[in-house]
Every structure is written in C-alpha cells, then in structure tokens.
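> sequence and predicted structure, then a few things I'm wondering about:
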Amino acid sequence: MLNIPTQELRDRAIYFLEQTPQQRLKILQKLGISRYMFLTQIKLNTANITCISRFLNNPSNLKFPNLSGADLSGLNLESVNFIRGNLSGANLQGCSLVNADLLFANFTNADLRNADLSGATLNETIWLSALVDECQFSNGTGLTPQQRKDLQIRGARFRTSTDDN
C-alpha cells in the first residue's frame, strides 16, 4: 500500500477525473490498471473522487474492484469484469451491464433502476436492499429461483419470461 496522504490522494483523483478519456487511459496504462477501462468514462463528482482515490492508493493490489458508492450511472459497461466487485451503494442507474461478469458481486443498497443486465453472469451475487425497478435481466443468468422471484417482486424484468409482472 502506498499510504499517500489523504489530501494528495484526493487531489490526484480530481486531476484524473478532469482529464479526457484518452488522457485517463494513458494514466491507467502507466499504473498497470488499463483493464479498468470504464474509469475513463466516469463523471467528476464526490462519489467518484472517493472511488478513484481507492484505485490510485494501491494500483498493484486491485484484483477485485471496490466500487462501493461509485456513480456509474448511464455508463456502457458491456462485458465488463466485476468478479467479486464491491458495488454496494453504487449508482448504476441506466447502465448497460450486458454480458458482464458479475460473479460474487455485492449489490447491497446499489441503485440499478433501468439498468440492463441481460446476459450477465450473476452467480453468488448479493442483492440486499438493491433498487431494481425496471432493471432488465435475461433467463439463465446464474440467479437462484428465490433471488429471481425476489428481484421480480421489487420491479425487475426478466426477458423471455412468461411470468413477468
């Protein structure tokens, strides 16, 4: 862990978020974390300053992304790898997570309203208090029958399902 002082880390995160997507990608490449390409798209706001600070604080130890509280609303995250990702409290409204790898992801208190998770791999995911109204899923995504029914009760939509509500 680098243990960069808090204010310096915050300043670095703000600097990163003020850059163009191309400049952000160069920074990610330099840090060896260009696999997190979606970071080139996120907005400059308080939630994302905190998120980027976590990435910049220890770039060599980012096996599983900590996106707790991040604002990823409206992003195209198709085919992204968030295996074991901590997305608790994250704003994922309107995101496209089509064909994303979300095994063991934690969506506790996340906002997934109007998100599209069609084709996403969702085995062993946690959905405690997640907002899923109008969130799109497809069949065979790795959810248990109980999870599927619970998500439907809370407003999730399952494509090709005969018992959608």
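Happy to help now that I have it. Numbering: from 1, shown residues only.
> where's residue 22, which helix or strand?
Using DSSP states H and E, residue 22 sits in helix 21-31.
> the chain: helices as residue ranges?
Per DSSP state H, the chain carries helices over the ranges 6-18, 21-31, 46-57, 145-153.
> does anything pack onto the second one? Which helices or strands?
The contact analysis (3 or more C-beta pairs under 8 Å, 6 or more residues apart in numbering; DSSP states H and E) places helix 21-31 against helix 6-18. Bear in mind the C-beta positions are built from the backbone N, C-alpha and C, glycine included.
> and the strands in this protein?
Under the criterion DSSP state E, strands of the chain are mapped to 136-138, 157-159.
> for residue 31, which non-adjacent residue is spatially closest?
Using C-beta to C-beta, 6 or more residues apart in numbering and skipping the chain neighbours, the partner closest in space to residue 31 is residue 59 (4.2 Å).
> any chance you could read off phi and psi for that neighbour?
Main-chain dihedrals, residue 59, degrees, to the nearest 10: phi -60, psi -20.
> surely it touches residue 29?
No: Residue 59 lies out of contact with residue 29 (C-beta atoms under 8 Å); the separation is 11.1 Å.
> more neighbours, the two?
Neighbours per residue (other C-beta atoms under 10 Å) separate residue 59 from residue 29, with residue 59 holding more: 16 against 10.
> for residue 91, report the pLDDT, please.
Model confidence at residue 91, given as pLDDT, is 98.
> low-confidence regions, the chain specifically.
The chain contains residues with pLDDT under 70 at 1-4, 140, 160-165.
> if we can go back for a sec, and the helix holding residue 22, which residues are buried?
Counting neighbours by 16 or more other C-beta atoms under 10 Å, one finds that the buried residues in helix 21-31 are 24, 27-28.
> and what of stretch 103-119?
Across stretch 103-119, burial judged by 16+ other C-beta under 10 Å covers 103-107, 109-119.
> and if you look at stretch 128-136?
Neighbour-count burial for stretch 128-136 [16+ other C-beta under 10 Å]: 130-132, 135-136.
> endpoint to endpoint, that stretch covers what distance?
Length of stretch 128-136, first residue to last, C-alpha to C-alpha, to the nearest Å: 18 Å.
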